[in-house]
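K.L.:
with the sequence up front, the predicted model follows.
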Amino acid sequence: MDNPLYPAFFRLDRLEMLVVGAGQVGEEKLSFILKSSPNARVTVVAPWMGEELQQLLDRYAAEAGAQVPGDAVEAPAETPAGRWRTAAGGRVTWFRREFHPDDVKAVDLVIAATNFHAVNRQVWEAAKAARRLANIADTPSLCDFYLGSIVTRGPLKVAISTNGQSPTFAKRFRQWLEAELPAAETTELIDNLKLFRDRLTGDFRTKVRELNTLTSGLLAPARSGPRRCPPGGCLLAAGSEPNDLGPASPPELDGSGSENLN
Ligand SMILES: C[C@@]1(CC(=O)O)C2=NC(=C\c3[nH]c(c(CCC(=O)O)c3CC(=O)O)Cc3[nH]c(c(CC(=O)O)c3CCC(=O)O)/C=C3\N/C(=C\2)[C@@H](CCC(=O)O)[C@]3(C)CC(=O)O)/[C@H]1CCC(=O)O
Ligand SMILES: NC(=O)c1ccc[n+]([C@@H]2O[C@H](COP(=O)([O-])OP(=O)(O)OC[C@H]3O[C@@H](n4cnc5c(N)ncnc54)[C@H](O)[C@@H]3O)[C@@H](O)[C@H]2O)c1
């Protein structure tokens with residue numbers, strides 16, 4: 001099947017996002033956005049906000065406490081119905097009213113999650129007129145981008161899409177990966193790889209060869225046949241191999257590592 005989607009990883013602290021609609025779907029979208037990117041900057045426009053979303057945002061704000069300084073630069077002309085901050089420096093501002101086409105002008109990314117197809121379409125038209133990227137939750141054919149299921153393990157981020165075919169499969173696959181990937185060990189493994197990478201000297205080609213040699217057996221048990229590791233076992237086994245990712249000393253160069261200079 002044709003699947004031309006191109007995944008990219010957004011830095012949501014550098015972008016402004018608009019979410020139109022704050023009911024069940026608005027809550028689902030925002031909860032996953034903030035879970036993965038608690039430093040996101042989001043404006044919500046909706047005549048009412050669901051209880052669950054309010055509680056979620058209150059929890060983030062309670063966690064942030066008074067430790068997050070106010071945003072001195074921002075002075076909204078319009079009085080918000082609610083403003084929440086997160087400990088990671090994110091913020092959510094809610095305007096209690098219906099969507100206006102001008103709302104898209106101040107943002108980079110737009111998500112429409114109202115229960116009215118006509119309103120969602122109006123959001124799409126405004127976003128396209130202003131050349132903003134839009135996700136129209138009830139109409140995949142109008143989405144410039146899809147939101148994916150996300151697994152975060154320290155610096156590792158895995159995003160899953162089924163090309164809009166089965167969000168339920170994306171969710172199940174996320175849950176499976178979350179169970180398979182041990183948080184602490186995955187983080188330690190990648191942290192060690194970074195240490196090793198930082199300590200490498202020599203030209204680019206040599207560095208690439210050394211890194212490939214070091215990591216060539218990393219996920220080998222998972223690839224090499226029907227044998228299955230217990231949850232996280234493949235990574236753990238690979239990480240404990242002598243000369244693998246323990247001490248950050250360069251391995252012997254045997255030239256066996258596959259070289260990928262991209
Ligand atoms: C992954 C995830 C991310 C997120 O939401 O952040 C996400 N949907 C999730 C859950 C979910 N959504 C729906 C169900 C009910 C069961 C079912 O229908 O399967 C469940 C499962 C559940 O809730 O259990 C219903 C649904 N979803 C869409 C439509 C409209 C349509 O298809 O026409 C309808 C029908 C509405 C109706 O019938 O009224 C559309 C989209 N949903 C997408 C993403 C994009 C495609 C992603 C991909 O490429 O796979 C896309 C195209 C647009 C977008 O929203 O970006 C998140 C899982 C997060 C997680 O748990 O990890
Ligand atoms: N993409 C997905 O993952 C997904 C999943 C389930 C449902 N859907 C679709 O998403 C849509 C939203 O469903 P819901 O359950 O969140 O509805 P809901 O009734 O729970 O919430 C609707 C929200 O839209 C707001 N709203 C209504 N008119 C508005 C306007 N003119 N301007 C701004 N905000 C307005 C309301 O205030 C409310 O916050 C449905 O059409 C549903 O088919 C998508």
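P.N.:
The structure has been received and is ready for your questions. Numbering: from 1, shown residues only. Ligands and ions are numbered 1, 2, ... in the order given.
K.L.:
can you map out the strands along this protein?
P.N.:
Using DSSP state E, the strands assigned to the chain run over residues 16-22, 41-49, 82-85, 91-95, 109-112, 133-136, 149-153, 156-160.
K.L.:
in TSV: the ones you listed, plus distance to ligand 2 and mean neighbour count.
P.N.:
(Each C-beta comes from the backbone N, C-alpha and C, glycine too.) Conversion of the strands of the chain to TSV gives the following (distance: least, C-beta to the nearest ligand atom, whole Å; neighbours: other C-beta atoms under 10 Å):
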stretch	distance to ligand 2	mean neighbour count
strand 16-22	3	25
strand 41-49	4	20
strand 82-85	13	19
strand 91-95	9	21
strand 109-112	8	26
strand 133-136	8	21
strand 149-153	11	19
strand 156-160	14	15
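K.L.:
nearest to Pro167, of those?
P.N.:
Within the strands of the chain, the stretch nearest Pro167 is strand 149-153; the backing value is 7.7 Å (C-beta to C-beta).
K.L.:
contacting residues for Cys143?
P.N.:
Cys143 is in contact with Ala134, Asn135, Ile136, Gly164, counting by C-beta atoms under 8 Å, 6 or more residues apart in numbering.
K.L.:
name the nearest of the residues you listed relative to ligand 1.
P.N.:
Within those, distances to ligand 1 taken as C-beta to the nearest ligand atom reach their minimum at Gly164, with 3.9 Å.
K.L.:
that closest one - nearest residue in space that isn't next to it in sequence?
P.N.:
On the basis of C-beta to C-beta, 6 or more residues apart in numbering, the spatially nearest residue to Gly164 that is not a chain neighbour turns out to be Pro140, at 4.2 Å.
K.L.:
one step back: make CSV from the strands of the chain and add mean pLDDT to it.
P.N.:
Below are the strands of the chain laid out as CSV (pLDDT from 0 to 100):
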stretch, mean pLDDT
strand 16-22, 98
strand 41-49, 98
strand 82-85, 97
strand 91-95, 98
strand 109-112, 98
strand 133-136, 98
strand 149-153, 97
strand 156-160, 98
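K.L.:
figure out which of the ones you listed is closest to Phe204.
P.N.:
For these, proximity to Phe204 was assessed by C-beta to C-beta; strand 156-160 is nearest, at 23.7 Å.
K.L.:
show me what that closest one is in contact with.
P.N.:
Strand 156-160 is contacted by residues 7, 9, 36, 148-151, 170, 173-174, 177, 181, 186-187, 190 when judged by C-beta under 8 Å, 6+ apart.
K.L.:
same thing but at 7 Å, please
P.N.:
Contact partners of strand 156-160, identified using C-beta atoms under 7 Å, 6 or more residues apart in numbering, comprise Pro7, Phe9, Gly148, Ser149, Ile150, Val151, Ala170, Phe173, Arg174, Leu177, Thr186, Ile190.
K.L.:
got it, and stretch 117-126?
P.N.:
Around stretch 117-126, the neighbours that count as contacts under C-beta under 7 Å, 6+ apart are Val20, Phe99, Pro101, Val104, Val110, Ala112, Thr114, Ala134, Ile136, Asp138, Thr139, Leu142.
K.L.:
please redo it, this time with the cut-off set to 6 Å
P.N.:
The set of residues external to stretch 117-126 that reach it, using C-beta atoms under 6 Å, 6 or more residues apart in numbering, is Val20, Phe99, Pro101, Val104, Ala112, Thr114, Ala134, Ile136, Asp138, Leu142.
K.L.:
ok, those vs ligand 1, which is closest?
P.N.:
Within the contacts of stretch 117-126, the smallest distance to ligand 1 is 5.4 Å, found for Asp138 (C-beta to the nearest ligand atom).
K.L.:
distance of the nearest residue to the closest one once chain neighbours are set aside from ligand 2?
P.N.:
Distances taken as C-beta to C-beta, 6+ apart place Asn120 nearest to Asp138, at 5.7 Å, with adjacent residues excluded. Distance from Asn120 to ligand 2, counting by C-beta to the nearest ligand atom, to the nearest Å: 7 Å.
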